[in-house]
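1. Predicted model, plus sequence, below.
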Amino acid sequence: MDIYVLLKKTFDTEEKINISNGQIEDDGAEFIINPYDEYAVEEAINQRDEHGGEVTVVTIGDEDSEKQLRTALAMGADKAVLINTEDDLEDGDQFTTAKILEAFFADKEADLILAGNVAIDEASGQVGPRLAEALDMAYVTTITDLKINGETVTMEKDVEGDVEIVETALPVLVTCQQGLNEPRYPSLPGIMKAKKKPLEELEIDDLDLDEDDVAAKTKTVDIFLPPEKEAGKMLEGDPQQQVQELVSLLKTEAKVL
């Protein structure tokens with residue numbers, strides 16, 4: 001079984017985000033595998049171990065993205081591919097990413113493609129579905145369980161507090177949600193083995209693409225931090241007085257009435 005995982009490099013969730021002149025300052029910041037993508041890596045390894053085949057992790061980024069790919073290899077993936085756009089693209093969006101991945105998969109016969117449900121930096125959740133549509137492949141989002149029996153795939157899909165059972169056939173693309181599994185930590189032997197596993201580096205020229213083909217369809221106008229939360233206000237008096245004060249505050253301060 002040929003299994004692929006779409007990987008993205010994101011800020012460490014513990015990092016403090018600083019913004020200067022409408023741009024995120026990333027000098028010295030720590031980057032990690034997008035946490036939702038870790039569920040995808042773990043599930044890919046589990047499915048390979050059960051059904052055979054190999055797992056290839058793919059990311060679009062710069063030279064520094066090799067670190068996240070090596071982490072996935074240390075977890076147990078077999079191969080990695082870095083599509084380096086550092087010298088070719090200044091800006092990109094979800095269209096850009098999906099277009100590059102579409103070209104990458106054009107000559108591949110993937111049985112199963114896994115991705116995170118969302119990336120924690122932009123949280124659009126678009127890349128997986130866009131790619132599946134471009135490849136004319138069935139897809140199911142936000143899965144919390146995955147079972148493969150021959151060519152039949154049965155999944156549990158998270159639907160805001162409930163579960164939907166979905167059945168389809170291979171090939172399929174899925175996006176992974178928390179609860180699907182518990183991602184493993186890379187072991188020391190895994191880290192050592194990862195250094196010898198193949199990591200292929202491509203550029204968009206290798207995929208017969210140029211900058212115009214993958215030009216972003218959207219533009220970021222501004223980046224800013226949300227306002228700091230103010231201290232809460234305690235309402236005093238009996239319930240009727242509290243209701244009157246609350247209504248007054250909603251009108252004069254919150255201005256929602």
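-> Perfect, I can see it now.

2. count of neighbours near L101?
-> 25 (other Cβ atoms under 10 Å). Where you see a C-beta, it was placed from the backbone N, CA and C, and this is true even at glycine.

3. do the same with R48
-> Counted with other Cβ under 10 Å, residues neighbouring R48 total 19.

4. How about the contacts made by it?
-> 1, 3, 54-55, 78 (Cβ atoms under 8 Å, 6 or more residues apart in numbering).

5. By neighbour count, which of those residues wins?
-> Among those, V55 has the most neighbours (other Cβ under 10 Å), with 27 neighbours.

6. What strands line up against the host helix or strand of that one, and which way round?
-> Assigned by DSSP states H and E, V55 belongs to strand 54-61. Taking DSSP bridges as the criterion, strand 54-61 sits next to strand 2-7 (parallel), strand 79-84 (parallel) in its sheet.

7. and G150, which of these is closest to it?
-> strand 2-7 (15.8 Å; Cβ to Cβ).

8. Sheet-wise, list the partners of whichever helix or strand comes after that closest one with their directions.
-> As assigned by DSSP H and E, the chain's next helix or strand after strand 2-7 is strand 9-11. Taking DSSP bridges as the criterion, strand 9-11 forms sheet pairs with strand 31-33 (antiparallel).

9. outside of the partner strand, which residues touch it?
-> 7-13, 41, 64, 67-68, 71-72.

10. which parts of it are buried?
-> For strand 31-33, a neighbour-count test (16 or more other Cβ atoms under 10 Å) marks 31-33 as buried.

11. Please apply the same query to stretch 127-135.
-> 127-132, 135.

12. Break the chain down into its structural domains.
-> If you go by automatic domain parsing, the domain ranges for the chain are 2-214, 228-257.

13. one step back: quick check, nearest of the buried residues of stretch 127-135 to K108?
-> Distances from K108 to those, taken by Cβ to Cβ, are shortest for L135, at 9.2 Å.

14. right, and that closest one touches D107 too?
-> No. The pair L135 / D107 is not scored as a contact, 11.7 Å apart, by Cβ atoms under 8 Å.

15. anything in contact with each of the two?
-> By Cβ under 8 Å, 6+ apart, no residue touches both L135 and D107.

16. Tell me the confidence at V243?
-> pLDDT for V243: 90.

17. Show the subsequent helix or strand relative to the strand holding V55.
-> Next helix or strand after strand 54-61 toward the C-terminus (DSSP H and E): helix 66-75.

18. Kindly calculate the angle that that following helix makes with strand 54-61.
-> Per axes from the mean of the first three to the mean of the last three Cα atoms, to 10 degrees, the angle that helix 66-75 makes with strand 54-61 is 170 degrees.

19. Report all helices and strands that helix 66-75 contacts.
-> Helix 66-75 sits against strand 2-7, strand 31-33, helix 35-51, strand 54-61, strand 79-84, helix 188-194, strand 199-202, with contacts defined as 3 or more Cβ pairs under 8 Å, 6 or more residues apart in numbering; DSSP states H and E.

20. Most tightly packed of those?
-> strand 2-7 (a mean of 24; mean count of other Cβ atoms under 10 Å).

21. List of residues touching it?
-> So strand 2-7 is contacted by 33-34, 37, 40-41, 44, 47-48, 53-59, 68-69, 72, 77, 101, 105, 108-116, 127-128, 131 (Cβ under 8 Å, 6+ apart).

22. the inter-axis angle of that strand versus helix 35-51?
-> Using the same axes, to 10 degrees: strand 2-7 against helix 35-51 is 170 degrees.
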